[in-house]
Structures are given as structure tokens and as C-alpha cells.
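> Okay, predicted coordinates and the sequence, questions at the end:
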Amino acid sequence: MHLHQLRSQDGTETLSYICVDEQTHNAVIIDPNKEDLNTITLFLKEQRAVLSQIIETHTHVDHISAANELKNIYPAQLIMHEKTKNKWRVIDEAEKFGIADTLRENAKLEIDRFVNDGETLAVDSMKFTFLHTPGHTDNHIAILIDDNIFTGDLLLIGQAGRSDLPGGNAEEQYESLTKKILTLPDATKIWPGHDYEENTFAYLRDEKKTNPFLQQPSKEAYRKFVADFFPPLAESIAGGKMTIQCGVQRVATNSEPFRSLSPDDLESLIKAQPNIFLLDVREPFELTAFGKIPGVVNISTRQLTSRLNELPQDKSTHIVCICQSGSRSYEVAHFLATRAGYSHVYNLEDGTSGWAYDGKPLERGTMKTA
């Protein structure tokens, strides 16, 4: 099997996958984005491939599927989960969040085959197994082929998809993650439906070690954890228009109650505020592997809510949130400023990578903990 990953350029960071049988050149595509229709058809032409099957992992709310357009070009069948028959029921609920138009368009898809948990699809040498994995949406499926699992928006690299969308459920997501994903072999490759940090895939064994969404001990712990890190959908509405990402990285706005810093800005702030609190939210191994800004205190994102008492008790303390790229720390800065009550919160743009790129010092070795 030849596997091709396609990253959308429309701002949604949608990842689609084209699987091509190397002998027959029959192809299967997973989660095609309408914005990528020309790119998809060009790739299939270059591969001399014929699209025979289209699989949607779920009904999307952040982009419109290209399935109907592809069915007009190729002799392809569209496959989705049985519960997709009921997606019209959540459109009224989606209306209040400004995402009904996208959902309404995707509810028009002409589905040729509905599948349930454990059913399979054979396309020449390729065998796809469908796993019902509700949580992000109630009709969500993950697709297993050999040692690859296409997780859609259930599980992303380093995080998970939102569970607060119409039809979503945090406790069902926990069940899907623990009973359908974590039971797979450690060498399984995770191919997500979105990625916001230029990742391509991850091994399950690494996700078990580093992804906090896979480390919650119970349904209740998971529910509380995601409540802290997924902003309410209403927060994403600006001027009546919904801007949504299916992972935890939020679309940046000018109204965030914290300030973004460049490396030069941070240097100046450190000099001006001798009692500044530098909070590195990466996992400890990342500080050892990639280095740390001098003076940081390490409390990882997954530990933050249980270790809030280790942060400065003076809510006017200047706190700078730091990670490798500025993504995870952005979420923590939002959390500290909006939910933990800190009045002077900052996020280091481009993180430790940007700091090092500007030639500023990094330390390696033992870590300072709160």
C-alpha cells in the first residue's frame, strides 16, 4: 500500500489520506476536504489511480467534505457510520454556535454504505477495519489498516479532538480512547484528522507517554480535564462568525486577556520584573532533550490543574508561559488569565525554539521544579 498524507492549506490544518494499492492502483481516500479537490484529483492522475472508496470518519463542522464532488468524477462509494443517518437532528443545536451551515452541507452527503463497529472493507490487498469511536461526534469512526490507525478527530498528536460539539460527549470519548485505541499494539502509527504543529504521525507508544488525554485515570478525571482545556464554543464566535478548530489550539484573536512576547520582549521583561515566574509547560523529557530557558519552573500541561497551588499565590505576579513552539503555552496562558485569575499573563511566541533561533541561551541538565 502507498499512503499519501495531504495537509489542507485553508487554515483548518485538515489531514486527508489517500491509500493506493500498488498493484491495481485502486485508491481509497479518508476525510477529503472540498478545498483540496484539485490537489486530490491531480495526485490521483499522477499516480494513475482510480478512486473506488471514500471514507469519512465523521460529520465535520470545520470544513466541507469533497465526497460528493469526488463521486461525480470517479466511480467511488462513500462510507460512513450508521449513526450518520441521525445528523440532521443536531443542526438546530449547532445553529446557536454558528456552525450549522457547515454541518448542513455535510449532512447532504450521498452515503452508499453505512458501517458499524468491527465491519471491514477489502480493496484488493488493502483491508480496512472500522471502529466506532464516539466522543468527538456520535458517528465517529477510526479506521485500522495493518499497523496504521486513522483516528480522525478522536485522537490528535499530543492532544484529542473537542468533545463539546453537537453530538459529542467527553465520557464517550474517554471510552473510545481507552477501549479502542489504547488496546492496540504500541507500534501502531497514529494518523490524525488535524494537526496544528506540522506533525505527520506518531507511534502509540509515544502518545501513551506524552499525551495527557491518554493519561487520565477515570471518566470523571477526563471530563474535568477537557473542561479546563477546551474553550466553550461561544468563545470562538467573533462578529457572528464561528472560527473553530477541532483540537485545543484556538484561533488567535486580538481580545485574548494575555500578551504575546517575542524573545526580545521576554528578555526586557525579565530585567524589568525580577520576581517574574517563567512557567515551562512541556513534559520534563523535552526540557532535557531540547534545553530550557534559564530560570524556568516546569509544570507540564497535563499536571497543571492538579498543581495550581504551586503557582504564585499573588495573582498580580507576572507569569510567562513557555513550551517548544508557543502552542501549548498559548492554551495555558488563556487558562491562567481567564480561569485562574492571574492579571499579568504572557505567552512566548514560537516558544523555546524561537528563543534558541534568536541565539539566546538555553540550559541543559537538571530541571528546577516548583
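Perfect, thanks for sending it.
> Where does pLDDT dip in the protein?
Flagging of the chain using pLDDT under 70 yields the residue ranges 96-98, 228-244, 248-255, 365-370.
> residue boundaries of the helices in the stretch 51-200 of the chain?
Taking DSSP state H, counting those that start in this stretch as the criterion, the stretch 51-200 of the chain carries its helices at 67-73, 91-95, 100-106, 170-176.
> quick one, which of those is packed in tightest?
helix 170-176 (a mean of 22; mean count of other Cβ atoms under 10 Å). In short, each C-beta sits where N, CA and C put it, glycine included.
> ok, back up a step: kindly present the helices of the stretch 51-200 of the chain as JSON lines, with separate columns for distance to residue 53.
JSON lines is the format used below for the helices of the stretch 51-200 of the chain (distance: least, Cβ to Cβ, whole Å):
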{"stretch": "helix 67-73", "distance to residue 53": "10"}
{"stretch": "helix 91-95", "distance to residue 53": "27"}
{"stretch": "helix 100-106", "distance to residue 53": "18"}
{"stretch": "helix 170-176", "distance to residue 53": "23"}
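> Quickly list the domain ranges of this structure.
With automatic domain parsing as the criterion, the domains of the chain are listed as 2-229, 259-357.
> now do the same end-to-end measure for the last one.
Distance between the two ends of domain 259-357: 21 Å, counting by Cα to Cα, to the nearest Å.
> roughly how far apart are residue 322 and residue 346?
Distance of residue 322 to residue 346, given as Cβ to Cβ, to the nearest Å: 9 Å.
> More neighbours: these two, which one.
residue 322 (27 against 24; other Cβ atoms under 10 Å).
> I'd assumed residue 161 was in contact with residue 155.
Yes - between residue 155 and residue 161 a contact is recorded at 7.3 Å, counting by Cβ atoms under 8 Å.
> buried ones in stretch 188-201?
Within stretch 188-201, the residues scored as buried using 16 or more other Cβ atoms under 10 Å are 188, 189, 190, 191, 192, 193, 194, 195, 196, 197, 201.
> Ignore what I typed, I meant stretch 303-319.
303, 304, 305, 311, 312, 317, 318, 319.
> Among those, which lie within helices?
If you go by DSSP state H, those have nothing in helices.
> Can you flag which of those residues belong to strands?
Those of the buried residues of stretch 303-319 mapping onto strands are 318, 319, per DSSP state E.
> could you dump the buried residues of stretch 303-319 to CSV with distance to residue 360?
Putting these into CSV (distance: Cβ to Cβ, whole Å) gives the following:
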residue, distance to residue 360
303, 26
304, 25
305, 30
311, 24
312, 24
317, 23
318, 19
319, 19
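> Pick out whichever of the buried residues of stretch 303-319 sits closest to residue 110.
Residue 110 lies nearest to residue 305 out of those, by Cβ to Cβ, at 44.2 Å.
> give the contact list for the residue lying closest to residue 208 once chain neighbours are set aside.
Nearest non-adjacent residue to residue 208, counting by Cβ to Cβ, 6 or more residues apart in numbering: residue 214, 5.7 Å away. Applying Cβ atoms under 8 Å, 6 or more residues apart in numbering, we find residue 214 in contact with 155, 177, 181, 182, 207, 208.
> Cool, thanks, talk later.
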